[in-house]
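A.B. asks: sequence unknown, structure follows:
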Ligand code: NAD
Ligand code: TYD
């Protein structure tokens, strides 16, 4: 990893030999992070606090569950008493637990406010009582800035979220800042772009389209399909979290994206082409309400800290599609568990026409 340029070197605190709490560790990013940290740091110990909502899945962590350096606690971040018993045990926290799907937030926003905003508040309050915690990484999202057609948002830009999901994340993001400023808590905020990779719940765009294509089902492309997301491979995100754990300073905010802006229609085409399926599987459907056109962030600050993405979208997407192809048992179990697995388009639009 490149060294920081033009910036004073920070103490590399590092999680090795320490105890880290990962909230939401049974989800997509959390499970990848837990695995990545255990492999990278031979003496790190990890506590995974997860409620196991529909999105939490212990299958994501089967390969590490017997590791003596890993501990799973099933619980809710909103449980003040539970959280208060865990925080005094740890050196650092990576806070990922959240309700995360924009489409679900449009159907029912309540859990988003309760988990993303209130749950984060409970963690910040518990942090006040745990002065030995040296690093708290609050994982926000680039969606808090809202949409923009041209140019890039910097960390100083105002937050103008447009979905109940991104508004809930923005509420938590601003609470994180307030708790840093008011109480001097060691909170660093990350605002990553859309992640992709293995173990992503198949309601999200890339795994939904990949697994539907594998099943020969049609792929519901919202609106004109020209919306743009900047795709970040989950392992590059893990590397960014690790770097910020070691070198981020309390109160800092970092955008994280990999400069892979691709319109949705192009992502959809690449998926079906790789799988040897016809492009006619892709069907445009009515647009998502309030659909953000483009997310785009300026990542100079985390570049200066020493992070660069290592996975190109071409390689990362191809490997991700291969992963879903090679792990049908994983995603079929999820689709079967949720009954006849339905995308937002199926549940929202079709049923309302
Ligand atoms: P995910 O939906 O796959 O996983 C969320 C996890 O949180 C699940 O394991 C779930 O059981 C757990 N959880 C939910 N509510 C909880 C509660 N009240 N208490 C304890 N655990 C609870 O999400 P993800 O994609 O892994 O995202 C993780 C974090 O990263 C979220 O904060 C999300 O906003 C943020 N983020 C995600 C992306 C992305 O593209 N996936 C991009 C930017 C930011
Ligand atoms: P998603 O994975 O839900 O992430 P987000 O909305 O948080 O960016 O969707 C990524 C993009 O794909 C977004 O522009 C919406 C679009 N999309 C579809 O066109 N069809 C779908 O079925 C889904 C789930 C998403």
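C.D. replies: Nice, I can see it. In this text, all values refer to a predicted model and were calculated from it rather than measured experimentally. Ligands and ions are numbered 1, 2, ... in the order given.
A.B. asks: From now on I want contacts and neighbour counts done on CA atoms only, so please keep to that.
C.D. replies: OK.
A.B. asks: What are the contacting residues of the longest helix along the chain?
C.D. replies: Taking DSSP state H as the criterion, the chain has its longest helix at helix 164-183. Here helix 164-183 makes contact (CA atoms under 8 Å, 6 or more residues apart in numbering) with 99-102, 105-106, 109, 112-113, 116-118, 120-121, 124, 128, 138, 140-141, 143-144, 146, 159-161, 185-187, 189, 250-251.
A.B. asks: Please say whether there is contact between the helix or strand just after that helix and ligand 2.
C.D. replies: Scanning forward in sequence from helix 164-183 by DSSP states H and E, the next helix or strand is strand 187-192. No. Shown here: strand 187-192 not in contact with ligand 2 (CA under 6 Å from any ligand atom), separated by at least 11.1 Å.
A.B. asks: Give me the residues contacting strand 187-192.
C.D. replies: With CA under 8 Å, 6+ apart, strand 187-192 has contacts from 135-142, 173, 176-177, 179-180, 232, 237, 241, 244, 248-257.
A.B. asks: Mind checking which of these land in strands?
C.D. replies: In this view, the contacts of strand 187-192 that belong to strands under DSSP state E are 135, 136, 137, 138, 139, 232, 253, 254, 255, 256.
A.B. asks: hmm, which two among those residues are most spread apart?
C.D. replies: Longest distance between any two of the ones in strands among the contacts of strand 187-192 is 23.4 Å, between 135 and 232; criterion CA to CA.
A.B. asks: Buried by neighbour count: which residues of stretch 59-69 qualify?
C.D. replies: Buried residues in stretch 59-69, counted by 16 or more other CA atoms under 10 Å: 60, 61, 64.
A.B. asks: what does it contact?
C.D. replies: Residues from elsewhere that reach stretch 59-69 (CA under 8 Å, 6+ apart): 26-28, 31, 35, 38, 43-46, 70-72, 199, 330.
A.B. asks: again, but for stretch 292-299
C.D. replies: Here stretch 292-299 makes contact (CA under 8 Å, 6+ apart) with 142-143, 146-149, 151-155, 162, 193, 226-230, 254-257.
A.B. asks: Buried subset of these, written for ChimeraX?
C.D. replies: Remark: buried members of the contacts of stretch 292-299, expressed as a ChimeraX selection using 16+ other CA under 10 Å:
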select :142,143,146,147,152,153,154,155,162,193,227,228,229,230,254,255,256,257
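A.B. asks: from the contacts of stretch 292-299, which are also near ligand 2?
C.D. replies: Within the contacts of stretch 292-299, those near ligand 2 by CA under 6 Å from any ligand atom are residue 227.
A.B. asks: what about the strands in the protein?
C.D. replies: 19-23, 45-50, 70-74, 92-95, 135-139, 187-192, 195-196, 219-222, 228-230, 232-233, 253-256, 261-263, 282-285.
A.B. asks: And residue 105, how close does it get to residue 284?
C.D. replies: The gap separating residue 105 from residue 284 is 22 Å, by CA to CA, to the nearest Å.
A.B. asks: make that residue 18, sorry
C.D. replies: For residue 18, the distance to residue 284 - CA to CA - is 49 Å.
A.B. asks: ok, now which ones touch residue 227?
C.D. replies: Contacts for residue 227 (CA under 8 Å, 6+ apart) come out as 263, 264, 292, 293, 294.
A.B. asks: Which residue, other than its chain neighbours, is closest to it?
C.D. replies: Take residue 227 and drop its neighbours on the chain: the residue closest to it by CA to CA, 6 or more residues apart in numbering is residue 293, 4.7 Å away.
A.B. asks: Counting neighbours, what do you get for that neighbour?
C.D. replies: Other residues lying near residue 293 total 15 when counted by other CA atoms under 10 Å.
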